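Participant: Model the structure of this input:
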Amino acid sequence: MTAASTPRPVPRIAVAGMAIESSAYSPHRAGYRDFATFSGGEAVDRYPFLAPGSELAASARWTGVFYARSIPGGRVQADVYADFRERIVEGLRREHEREPLDGILLDVHGAMSVEHMDDAEGDLVEAIRAAVGSGPLISASMDLHGNLSERFVRACELITCYRLAPHEDALETRERAARNLVHHLRTGERPVRAWSRIPILLPGEKTSTRVEPARSLYRRILPVEASEGVTDASIWIGYAWADEPRCHASVVVTGTDTATVRDAASGLAGELWAVRDAFGFVGPPGTLEQGVERALAATAKPYLISDSGDNPGAGGTGDVTWTLSRLLRMPELTADDAPVTYCASVFDAVAVDELFSAEPGSQVSVTAGARVDSRVSGPALVQGILLSRFEGDPAAGRIAVVRRGGLHVIITEFRKAFHDVADFRAIGLEPLEADIIVTKIGYLEPTLYDVAAGWTLALTPGPVDQDLERLGHQRITRPMFPFDPFDVEPDLAAVVYR
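Facilitator: Purely as a prediction, here's the structure:
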């Protein structure tokens, strides 16, 4: 790439991106309805740190192009990706031709999969680079559960990712990416970056920064970042439910001092490798039955049970009925005097149609779920009293709650993750009044974590099964921890790109 020209007093920066986390083991295919899209000024307005009057807003001329974002799911339909890619690439090309761009703020996830394609983010950033040439700096913000490829690192000068899991620093990370970009455009110094590939592939539920060793590992980033000649340092744990050669952990350090960023990246990679055997589940794991037993024995409420195998927040389809079917067969939950239990959720538009034709308070019988993913369990027969109905949820559409004894079954029209206490309260179910909450999630997101008096991470089957060996990866680069033994230590030396 050519050296940057003299920086402008007020640089011109375009904002674009496309983000989804895609499980290769999910039969769901992400289409237009799965994505929220933002064009033009909307793509800038969604970032509070770029609000008029803010320091960052005044530091550059920001222009929005196109941004699309979906909750996690399966692979993106090829035609949908092609359409969004075209809007991003051609939009950036037009902006650059109208008036040269100095930089691009690129908001991606890092674990997007597209039908019939490897390394979707690598494809996207290469297409952007081809459209705008080598002049503009690209600064990308990513999820630490992204899978970083060499082609992405080659095409993107500044790369950073979340440092917390759960991702309470998502907005902070995007702001950091913007600040890094503005800093380099103002100084005129083009950054170098050092990338290390680490042959580790672990699920997020074993690498939460709430607990060791990830907590201490990620805290090591701050002193590295504070070093002279370093702009940013980041660690990607990777996304375990994809199956591509780029699926592995990574470290990237960016800055202006080649030796410093190279040594820092190699050092962080070595620290990650050294603690690989120390990673374990963030919460008490167990079977679904063990989770129910613990919940029934608990004296403090509510007790949370994660239906982790079908977590929509990690790429689950959201309509796997394996857990629901078993709960419906447990008399200790379905008797009239059973503890109040919420089960969230399963989506089925046909079942919701039937339930919306009945009146609240009436007896209903409906089969629900397994229309998208029936591999581990067929549709569940839900019989009970139609407790309530709700319309207008932007993700779920219509929602019905059916009560059978103490069990409250939540059935939605479309996919929705119930990962916040507000999700339950919006449909009249108060989490603090429940004895047990079973929801499709892995580690608990902040508001559920705050109310949980006890918790079991239930190791249930599904598209994001925590038992990675049960999934059967075929295309990852071997050897890979924890799948394989290592007769010799891997080469973790960072490679520098300029």
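
Participant: Going by neighbour count, list what's buried in the longest helix anywhere in the chain.
Facilitator: Determined from DSSP state H, the single longest helix within the chain is helix 78-98. Across helix 78-98, burial judged by 16 or more other Cβ atoms under 10 Å covers 80, 81, 84, 85, 87, 88, 89, 91, 92, 93, 95, 96. C-beta coordinates here come from the backbone N, C-alpha and C atoms, glycine included.

Participant: next one: stretch 9-25
Facilitator: 11-25.

Participant: Centre of the chain to that stretch, how far?
Facilitator: Here stretch 9-25 is found 14 Å from its chain centre; the criterion is Cα atoms, centre = their mean, to the nearest Å.

Participant: Kindly report the same for stretch 467-480.
Facilitator: Stretch 467-480 sits 20 Å away from the centroid of its parent chain (Cα atoms, centre = their mean).

Participant: What is the end-to-end distance of it?
Facilitator: The first and final residues of stretch 467-480 sit 15 Å from each other (Cα to Cα, to the nearest Å).

Participant: what sits up against that stretch?
Facilitator: Stretch 467-480 is contacted from outside by 25, 199-201, 203, 240-241, 243-245, 247-248, 459, 461, 465, 482-486, using Cβ atoms under 8 Å, 6 or more residues apart in numbering.

Participant: What residues of the helix or strand of the chain with the lowest mean pLDDT count as buried?
Facilitator: Using mean pLDDT, DSSP states H and E, the weakest-scoring helix or strand in the chain turns out to be helix 468-471, at a mean of 92. Of all the residues in helix 468-471, those buried under the rule 16+ other Cβ under 10 Å are 468, 471.

Participant: Next SSE downstream of it?
Facilitator: Next along the chain after helix 468-471, taking DSSP states H and E as the criterion, comes strand 495-497.

Participant: quick check, nearest of the buried residues of stretch 9-25 to residue 354?
Facilitator: Checking the buried residues of stretch 9-25 against residue 354 with Cβ to Cβ, the nearest one is residue 23 at 28.9 Å.

Participant: what residues are up against that closest one?
Facilitator: 72, 73, 74, 113, 241, 242, 314, 315, 316, 463, 464.

Participant: Residue 74 is in contact with the fifth one, correct?
Facilitator: The reference is to residue 241. No - using Cβ atoms under 8 Å, residue 241 and residue 74 do not qualify as a contacting pair, with a distance of 10.1 Å.

Participant: Give me the more crowded residue out of the two.
Facilitator: residue 241 (30 against 24; other Cβ atoms under 10 Å).

Participant: re earlier: which members of the contacts of residue 23 occur in strands, if any?
Facilitator: The strands, defined by DSSP state E, take in nothing from the contacts of residue 23.

Participant: The residues you listed into JSON lines, with extra columns for pLDDT?
Facilitator: JSON lines is the format used below for the contacts of residue 23 (pLDDT from 0 to 100):
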{"residue": "72", "pLDDT": "97"}
{"residue": "73", "pLDDT": "97"}
{"residue": "74", "pLDDT": "97"}
{"residue": "113", "pLDDT": "98"}
{"residue": "241", "pLDDT": "98"}
{"residue": "242", "pLDDT": "97"}
{"residue": "314", "pLDDT": "97"}
{"residue": "315", "pLDDT": "97"}
{"residue": "316", "pLDDT": "97"}
{"residue": "463", "pLDDT": "97"}
{"residue": "464", "pLDDT": "97"}
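
Participant: Tabulate the residues you listed (CSV), appending distance to residue 368.
Facilitator: As requested, these are exported to CSV (distance: Cβ to Cβ, whole Å):
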residue, distance to residue 368
72, 21
73, 19
74, 20
113, 27
241, 24
242, 29
314, 22
315, 21
316, 16
463, 18
464, 20
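
Participant: Between the residues you listed, which sits nearest residue 404?
Facilitator: For the contacts of residue 23, the nearest to residue 404 is residue 316 (23.5 Å; Cβ to Cβ).

Participant: helices or strands up against the host helix or strand of residue 269?
Facilitator: Element membership for residue 269 (DSSP H and E) is helix 258-274. Contacts defined by 3 or more Cβ pairs under 8 Å, 6 or more residues apart in numbering; DSSP states H and E place helix 258-274 against strand 192-198, helix 221-225, strand 230-236, strand 249-255, strand 495-497.

Participant: Would you mind pulling the contact partners of stretch 91-98?
Facilitator: Taking Cβ under 8 Å, 6+ apart as the rule, stretch 91-98 contacts 14, 16, 63, 65, 66, 101, 104, 128, 131, 132, 133, 136.

Participant: got these as TSV, with secondary structure and pLDDT columns?
Facilitator: Output for the contacts of stretch 91-98, formatted as TSV (DSSP: H, G, I helix; E, B strand; the rest coil; pLDDT from 0 to 100):
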residue	secondary structure	pLDDT
14	strand	98
16	strand	98
63	strand	98
65	strand	98
66	strand	98
101	coil	98
104	strand	98
128	helix	98
131	helix	98
132	helix	98
133	coil	98
136	coil	98
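
Participant: out of those, which are buried?
Facilitator: Buried among these by 16+ other Cβ under 10 Å: 14, 16, 63, 65, 66, 101, 104, 128, 131, 132, 136.

Participant: Excluding chain neighbours, what is closest to the last one?
Facilitator: It stands for residue 136. residue 101 (4.5 Å; Cβ to Cβ, 6 or more residues apart in numbering).

Participant: ok, the nearest residue to residue 145 once chain neighbours are set aside - contacts?
Facilitator: Of all residues not flanking residue 145 in the chain, residue 239 sits nearest, at 4.6 Å (Cβ to Cβ, 6+ apart). Residue 239 is in contact with 21, 110, 111, 145, 146, 147, 247, counting by Cβ under 8 Å, 6+ apart.

Participant: and which of these is nearest residue 214?
Facilitator: Distance to residue 214 across these (Cβ to Cβ) is lowest for residue 145, with 12.0 Å.

Participant: The closest one: how many residues sit nearby?
Facilitator: 25.

Participant: Would you mind measuring from it to residue 246?
Facilitator: Distance, residue 145 to residue 246, by Cβ to Cβ, to the nearest Å: 13 Å.

Participant: Residues contacting the helix holding residue 269, please?
Facilitator: 192-196, 198, 200, 217, 220-221, 224, 227-230, 233, 235, 249, 251-255, 489-490, 492-494, 496, 498.
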